[in-house]
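**Q** just coords:
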């Protein structure tokens, strides 16, 4: 069977069309579940559900007041920096959106100097990465999708005066994950640092990247997929 006949009669085969239809389905299912999300936070929640097909995120994503608008303002102002705790999250962050905003993304995890520093200090590479990033980009958006130790390190640094532009807390797992998320969210509220945190065990690098992209697309006026150069 050739490609043309394989797709004959099928709808929604172009990327932009697929995304729009997916978002419409998400809207319908949220309504059917009786879940109402404020307009400011809705694009982030929908982007995460679109990435994971998991409607639990409609309930377990927590936002400090106006975290989305504050993060979008930082991104729209230009020269913003996103720091991720995994190369997977780094790869998932939209580089065209960052380019349009004059922003950049970094992940230090694979650098040899981080491996050496982590061994010398007796900490995880995630902690060493956060320490490095906090020195080079103290006002970065920190997107954590894997390592709860990164959130704990950020908490320590924030107690010592670090004030990131946003903390995205979405590590996944069973050890220290729930506690680290609750701690960082409470501390961000106390210190007036914007935060978006996926409470509970769920999360992952894909979730962290999805949140970054929702914010970047919103700041760059790229929420519609055709604004990203997609067909449809």
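**A** Okay, I see it. Since we're looking at a predicted model, the values are computed, not measured.

**Q** For beta bridges, what are the partners of residue 63?
**A** With DSSP bridges as the criterion, residue 63 is bridged to residue 196.

**Q** Where do the strands of this structure begin and end?
**A** Secondary structure of the chain by DSSP state E: the strands cover 61-63, 81-84, 104-106, 141-144, 166-169, 195-198.

**Q** Out of those strands, the one nearest residue 217 is which?
**A** Nearest to residue 217, of all the strands of the chain, is strand 81-84, at 13.3 Å by C-beta to C-beta. Just so you know, the C-beta spots here come from the backbone N, C-alpha and C atoms, and that holds for glycine as well.

**Q** May I see the buried residues of that closest one?
**A** By 16 or more other C-beta atoms under 10 Å, the buried positions in strand 81-84 come out as 81-84.

**Q** circling back: using CSV, please lay out the strands of the chain together with distance to residue 113 and mean pLDDT.
**A** Listed next are these as CSV, based on distance: least, C-beta to C-beta, whole Å; pLDDT from 0 to 100:
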stretch, distance to residue 113, mean pLDDT
strand 61-63, 34, 98
strand 81-84, 15, 98
strand 104-106, 13, 97
strand 141-144, 19, 98
strand 166-169, 24, 98
strand 195-198, 29, 98
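
**Q** would you list the ones you listed in JSON lines and tack on distance to residue 114?
**A** Formatted as JSON lines, the strands of the chain follow (distance: least, C-beta to C-beta, whole Å):
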{"stretch": "strand 61-63", "distance to residue 114": "29"}
{"stretch": "strand 81-84", "distance to residue 114": "12"}
{"stretch": "strand 104-106", "distance to residue 114": "12"}
{"stretch": "strand 141-144", "distance to residue 114": "15"}
{"stretch": "strand 166-169", "distance to residue 114": "20"}
{"stretch": "strand 195-198", "distance to residue 114": "24"}
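
**Q** Adding distance to residue 222, write the buried residues of strand 81-84 out as TSV.
**A** Shown next, in TSV, are those (distance: C-beta to C-beta, whole Å):
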residue	distance to residue 222
81	19
82	15
83	21
84	20
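
**Q** Closest one of those residues to residue 19?
**A** Among these, and counting by C-beta to C-beta, the member closest to residue 19 is residue 82, at 21.8 Å.

**Q** so that closest one touches residue 145, yeah?
**A** No. In this structure, residue 82 is not within contact of residue 145 by C-beta atoms under 8 Å, at 11.8 Å.

**Q** shared neighbours of the two, anything?
**A** Common neighbours of residue 82 and residue 145, using C-beta atoms under 8 Å, 6 or more residues apart in numbering, do not exist here.

**Q** Poorly predicted segments of this protein, please.
**A** Applying pLDDT under 70 to the chain flags the ranges 1-13, 230-232.

**Q** Give the other helices and strands that the longest helix seen in it contacts.
**A** Determined from DSSP state H, the single longest helix within the chain is helix 15-32. Applying 3 or more C-beta pairs under 8 Å, 6 or more residues apart in numbering; DSSP states H and E, we find helix 15-32 packed against helix 42-52.
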